[in-house]
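# Pasting the sequence and the predicted coordinates here, then a few questions.
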Amino acid sequence: MATDELRGRTIILTGANTGIGRATAANLAARGATLVLAGRSAEKTVPVIAALKADSGNDAITFSALALDDLAAVRRSAVELLAKHDRIDVLINNAGVAGAHGVTKDGFEIAFGTNHLGPFLYTQLLLPALRKAEQGRIVNVASRAHLSAKGIPWETLRQRTITTTGLNEYAVSKLANVLHANELARREVGKSAVTTYSLHPGVVASDVWRSVPWPFAGLIKLFMLSTEDGAKTSLYCATDPGLATTSGRYYDKTREAKMSRVARDEALAKELFARSEEWTK
Ligand SMILES: NC(=O)c1ccc[n+]([C@@H]2O[C@H](COP(=O)([O-])OP(=O)(O)OC[C@H]3O[C@@H](n4cnc5c(N)ncnc54)[C@H](OP(=O)(O)O)[C@@H]3O)[C@@H](O)[C@H]2O)c1
């Protein structure tokens, strides 16, 4: 049976039909939150919601259609969501792809478009509702992979994935997740109670490695955590009372950790924010 710990708190979680997102949802459902699972597949997510309801006894779990690789669809999804929830306590930007190749509907490199630009627009559109919460939180599930990105290669963002593994592009998209959380934190200070967090969940046995070619995927799989352990850092950032006034920091396995030097570059974060606003107009 669900506890009352998070009763009355509305939490939007993207990409929760599988992997870390599903494990995150299971924990939040058991703690009584009002949960919206936003994902691109009703077919995959509706059965997960039924299972979560049955396991937790929490009936306040719904689906919201969200395709992050299509900016018009992101806009539609946010409008529909806001019609039902005018106050949001937590947004967890969890959905993402790794090792994918191609471009999004709007012509952006697939990892950058899906992992950064779609969530950026979604966050912008939900921000007014997050500001209405007593203490709104935005949690970006980034990755330690951001450490290997040397910067944002502006000139390659509007073309197909170049590298064979797609992992360089993934690293850039995850750097963008950290820069985005940092810049938002600076923008909300003194303006609202909204706080932001970015994190590395650990290396987790999920579906995210489905597009990464062998032997890379095999090597990665040697060191994996369970999805339940992988959900711990997202849960910590989303719900820990001790983090209510901490914003713009990066966490690795439930501890504050050092983000890369590039991720701490305020001018770069500002530029990414401004360009992302322009691209998503
Ligand atoms: N697993 C790891 O070791 C690891 C390490 C570092 C960071 N991360 C990050 O953790 C997050 C969760 O990853 P995971 O390992 O749990 O991956 P996963 O099992 O592959 O789940 C990814 C989720 O994102 C959804 N998604 C993908 N593309 C989407 C789109 N265009 N629109 C909407 N939803 C989309 C997927 O939906 P479908 O099922 O419909 O495709 C799925 O629900 C990601 O941001 C990932 O980068 C993971």
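Okay, I see it.
# Going by C-alpha atoms from here, please, whenever you check contacts or count neighbours.
Noted.
# how near is Arg31 to Lys232?
14 Å (CA to CA, to the nearest Å).
# Please read the previous query as pertaining to Gly57.
22 Å.
# same deal with Arg264?
Taking CA to CA, one finds Arg264 at 24 Å from Lys232.
# Also Ala29?
14 Å.
# Looking only at neighbour counts, state which of these two leads.
Ala29 (28 against 20; other CA atoms under 10 Å).
# Next up, identify which helix or strand the more buried one is on.
helix 19-30 (DSSP states H and E).
# That helix - contacts with which helices or strands?
strand 10-14, strand 34-39, helix 42-56, helix 227-230, helix 232-239 (3 or more CA pairs under 8 Å, 6 or more residues apart in numbering; DSSP states H and E).
# quick check: mean pLDDT across it?
Helix 19-30 carries an average pLDDT of 98.
# That helix and the ligand, are they touching?
Yes: using CA under 6 Å from any ligand atom, helix 19-30 comes into contact with the ligand via 19-21.
# Identify, out of the helices and strands packed on helix 19-30, the most deeply packed stretch.
strand 10-14 (a mean of 26; mean count of other CA atoms under 10 Å).
# That one: how far from the chain's middle?
Distance, stretch centre to chain centre, for strand 10-14: 10 Å (CA atoms, centre = their mean, to the nearest Å).
# same thing with stretch 174-188?
12 Å.
# Could you pull out the buried residues of that stretch?
When burial is assessed from 16 or more other CA atoms under 10 Å, stretch 174-188 yields the following buried residues: 174-186.
# which one of these sits closest to Lys150?
Lowest distance from Lys150 to the buried residues of stretch 174-188 (CA to CA) belongs to Leu175, with 9.0 Å.
# Okay, and the closest one sits in which element?
helix 167-188.
# so how far is that helix off the chain centroid?
So, by CA atoms, centre = their mean, the centroid of helix 167-188 is 11 Å from its chain's centroid.
# ok, now stretch 94-101?
Distance, centroid of stretch 94-101 to centroid of chain: 11 Å (CA atoms, centre = their mean).
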